[in-house]
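> please find the sequence and the predicted model below.
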Protein chains: 2
Amino acid sequence: MSLTNASPSEAARAAKEASHVLATLSESARNDALTAIHAGLTAAKDEILAANARDLEVARVAAESGQLSQSLVSRLDLGKKGKWEDMLKGILDVRDLEDPVGRITLRTKLDDGLELTRVTCPIGVLLIIFEARPEVIANIASLAVKSGNAAILKGGKESTESFVAISRAISAALDQTQVPNGAVQLVTTRDVIPQLLGLDRYIDLVVPRGSNELVRYIKSSTKIPVLGHADGLCSMFLEQSADPQMAADVVVDSKTSYPAACNSLETLLVQESALDTLIPPVAEALLAHGVALRCDAQSKAALSRKLSPDLAAKLEDAQPADFDTEFLSLTLAVKAVADVHAAVAHINAHGSKHTDAILTSSAELAELFMASVDAAGVYWNASTRFADGMRYGFGTEVGISTNKIHSRGPVGLEGLMIYKYKIRGQGHVTAAYGEGDGKKSYKHEKLPL
Amino acid sequence: MSLTNASPSEAARAAKEASHVLATLSESARNDALTAIHAGLTAAKDEILAANARDLEVARVAAESGQLSQSLVSRLDLGKKGKWEDMLKGILDVRDLEDPVGRITLRTKLDDGLELTRVTCPIGVLLIIFEARPEVIANIASLAVKSGNAAILKGGKESTESFVAISRAISAALDQTQVPNGAVQLVTTRDVIPQLLGLDRYIDLVVPRGSNELVRYIKSSTKIPVLGHADGLCSMFLEQSADPQMAADVVVDSKTSYPAACNSLETLLVQESALDTLIPPVAEALLAHGVALRCDAQSKAALSRKLSPDLAAKLEDAQPADFDTEFLSLTLAVKAVADVHAAVAHINAHGSKHTDAILTSSAELAELFMASVDAAGVYWNASTRFADGMRYGFGTEVGISTNKIHSRGPVGLEGLMIYKYKIRGQGHVTAAYGEGDGKKSYKHEKLPL
């Protein structure tokens, strides 16, 4: 790892060169490097927490004068119960994942002695831009080394002291390993993000870890592919045959278990024919959990008839913009729709292609919904909050992508991989194949992987 | 299909809406549409060739006055031997490929009654920008329908009459099928490419089919992912243990079998220790095929000693820029390098990540080369010209990609697909899982596909 005050383009060029070496390291060499990072951070705990305390002190002063939010200060704190231990455990968890490099995904015999193989390999150079949480640096360095990618790390200024201390420890640890110097670059100079985002010659993928605003800014400022999502406007459709108790449970979990998460529910669509039966118990459960309901006229009228007057008094009127809003808080937009087709049309027009669900007893309607909604996750009778790499069993999560190419939904190590085609021949030439006298034909036999 | 004079954004919005329907059609519905397109074009042959003749007439006049190249006129001509038949056969070939939609690539039991499935699905809306060859429209319409993607087609102005006639026939054919109107849009208005490239809200992937200049312009002008390659600077390394006759055969095939192709050889690297033995027979074979050799000082000195004076007189001096040049003609840059490491370093610095090869008798060096070179194709003892979707056995080729994410190398139908995650539950909520009293754990059992 280099702690660099080099120019962004020098750092990126050095990372590119290192990536070519890193891509050839064996699994054991990469795993040994992760073991070394773990040991190095363990040994440097005191210095790192002392550095973090200095960041925290500055941040607390800034928070008192209103320049920083209290939640940012809280995210900065590496001394919080369990955070340090989780960070260290995460490194070993990543080390122990199945090796993503060198997997053979296609083998074809093109002709006698001429074999085509498709093999997974690292993408190259990742640019990771993150905000306050200093533990991200250890997580990302681990993911990069495990997947054979070089990484350029750019953190927020609030956690500079912590980043520098952590990266010094990682750097010293990697010096004892086969991972080349330059494979992990920490850029500490300020205001270089626009320059980094212009380096598409060297940088192959940007992974932003932070607020929606950060992701949105990055997506609009670079030609380099960005792995992530700016918005998580998740919707759920209550079809008339859904079980009312199940609906109340799943909607409450989707909305209230972590309202600030990208996989939380923001829009509830209810079938018109179920306005008198299904939405009242769901609304009662949501109101009991402190959720503000912004209802369209039709759903509000039905709920006003069915709820007790004190609950009905809490209902709010939805504005059109509410159905395009990711509230990230205990507010939910509610709308009546005619049927599953109207629900799908609404979601495809207003959603963010993140995660959308249908609650229904009808397998047929569920399958239609899941086939028709254009989103990374489409669920039947389950909470939208299952959209998560750990919950999916990926072991780690690089991020959640709403892109339409490469990687979609929760992204594990696979999202940091691409493939190359290898051909092993014996002097084969293309002019020997074709139609006509003396020409050969390709065999194109699938071989076992 | 709509033949539209609508604004680009209206066409794109309509394509997006149609894509949601197209994504839900069964394999047989999509295949029936391809059968209908084939029948429709067969029936309309006379009108289409008449329209093509009008395009040709205008183009020939322009070529005579030097405004168009003769090769463009030749690419326009649908009446050329075999071209019409190939176009029609291509539609049925695509129809008969394995269905790329709905393949299950991951199944995990998250818990009892809670199952995660990853299923391939179309990307959404493709923007296809192509130049003179009118048969591309039938090819691309077939690929889009087969893969369940909507497509917006923008062709070059030289072939407008042909495009309109072909698309009218396709349009009439699709009207008889389940493929929604709007799924394939032909934009005939002029000068709309910049507008189309700005519509990242509706368009998910751009596929340029045409010259390097076209691809380079498009890549530099849009935030939408572009599937393709601007450059094909392929290199080959002659390691000292390579068989001289095999080397001559493979180098000649790589350079001369179609010099204008992106997978043709542009740079030949020769190990210094083999300058007296290996490069002379290779150079003789290349000179006999009319190839101009631009040699660095070291390789020129060796060849000048070994070749006959009349051949030696043909050698040219390489300039530094020659090693960054895709000649696309019978010119080859030649350079001496110390060993495989120097060859890899040269290729990773100067290549275009398309296809690079090593000729050697050493399996160990071949594997090192293939692991270290950062390219879509890395070959051992085979011609670079094998880099081709038909030769790889993909049945069809969308293009060749030098991107580092999503699809790399020759891209078949798979490159037009992404996936979505489906969860089928029974009212499962995330709050039930975790650590502590009464909390459940995820099972994360891999299920057979």
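Okay, I see it. Residues are numbered from 1 along each chain as shown, chains lettered A, B, ... in the order given.
> for residue A:388, the count of nearby residues, please.
Number of residues near residue A:388 (other C-beta atoms under 10 Å in any protein chain shown) recorded here: 18. To be clear about C-beta, it is placed using only N, CA and C from the backbone, and glycine gets the same treatment.
> and it, how far from chain B?
For residue A:388, the distance to chain B (C-beta to the nearest C-beta, to the nearest Å) stands at 8 Å.
> now swap in residue A:68 and tell me
Applying C-beta to the nearest C-beta to residue A:68 and chain B gives a distance of 30 Å.
> elements contacting whichever helix in chain A runs longest?
The residue-count maximum for a helix in chain A (DSSP state H) belongs to helix A:45-64. For helix A:45-64, the packing partners by 3 or more C-beta pairs under 8 Å, 6 or more residues apart in numbering or on different chains; DSSP states H and E come out as helix A:70-76, helix A:160-174.
> so what's residue A:49 up against?
Residue A:49 is in contact with A:78-79, A:84, counting by C-beta atoms under 8 Å, 6 or more residues apart in numbering or on different chains.
> how does it look with 6 Å?
Going by C-beta atoms under 6 Å, 6 or more residues apart in numbering or on different chains, residue A:49 touches residue A:79.
> do you know the pLDDT at it?
With respect to pLDDT, residue A:49 scores 96.
> okay, the helices and strands packed on helix A:45-64, which one's buried deepest?
Comparing the helices and strands packed on helix A:45-64 by mean neighbour count (mean count of other C-beta atoms under 10 Å in any protein chain shown), helix A:160-174 comes out on top with a mean of 23.
> just give me the neighbour total for residue A:338.
If you count neighbours by other C-beta under 10 Å, residue A:338 ends up with 11.
> distance of it from residue A:274?
From residue A:338 over to residue A:274 the distance is 11 Å, taken as C-beta to C-beta, to the nearest Å.
> what of residue A:101?
Taking C-beta to C-beta, one finds residue A:101 at 51 Å from residue A:274.
> so for the two, which sits in the more crowded spot?
The neighbour comparison of residue A:101 against residue A:274 (other C-beta under 10 Å) goes to residue A:101, with 23 against 20.
> residue contacts, that one?
Contacts for residue A:101 were tallied using C-beta under 6 Å, 6+ apart; they are residue A:148.
> now it, what's its secondary structure?
Secondary structure assignment for residue A:101 (DSSP: H, G, I helix; E, B strand; the rest coil): coil.
> what segments of the stretch 301-449 of chain A are strands?
Remark: strands assigned in the stretch 301-449 of chain A by DSSP state E, counting those that start in this stretch are A:316-317, A:331-337, A:355-359, A:377-382, A:399-401, A:409-411, A:417-428, A:445-446.
> show me the domain layout of chain A.
Using automatic domain parsing, the domains assigned to chain A come out as A:2-99+A:125-219, A:234-392.
> which of these has the lowest average pLDDT?
Among the domains of chain A, domain A:2-99+A:125-219 scores lowest, with a mean of 90.
> now residue A:131, nearest residue through space, not along the chain?
Nearest residue to residue A:131 in three dimensions, chain neighbours excluded: residue A:210, at 3.7 Å (C-beta to C-beta, 6 or more residues apart in numbering or on different chains).
> pull the number of nearby residues for the one you found.
Look at residue A:210: counted by other C-beta under 10 Å, it has 19 neighbours.
> most tightly surrounded among the strands of the stretch 301-449 of chain A?
Stretch with highest mean neighbour count among the strands of the stretch 301-449 of chain A: strand A:355-359 (a mean of 31; mean count of other C-beta under 10 Å).
> elements contacting that strand?
For strand A:355-359, the packing partners by 3 or more C-beta pairs under 6 Å, 6 or more residues apart in numbering or on different chains; DSSP states H and E come out as strand A:234-238, strand A:377-382.
> how long is stretch A:317-333 end to end?
Stretch A:317-333 has an end-to-end distance of 9 Å (criterion: C-alpha to C-alpha, to the nearest Å).
> that stretch and chain B in contact?
No: using C-beta under 6 Å from any C-beta of the partner chain, stretch A:317-333 stays clear of chain B, coming no nearer than 13.0 Å.
> residues making contact with the helix or strand residue A:152 falls within?
Assessed by DSSP states H and E, residue A:152 sits inside strand A:150-154. Residues from elsewhere that reach strand A:150-154, judged by C-beta under 6 Å, 6+ apart: A:11, A:15, A:18-19, A:22, A:125-129, A:137, A:144, A:183-187.
> having no further points to raise, I will conclude here.
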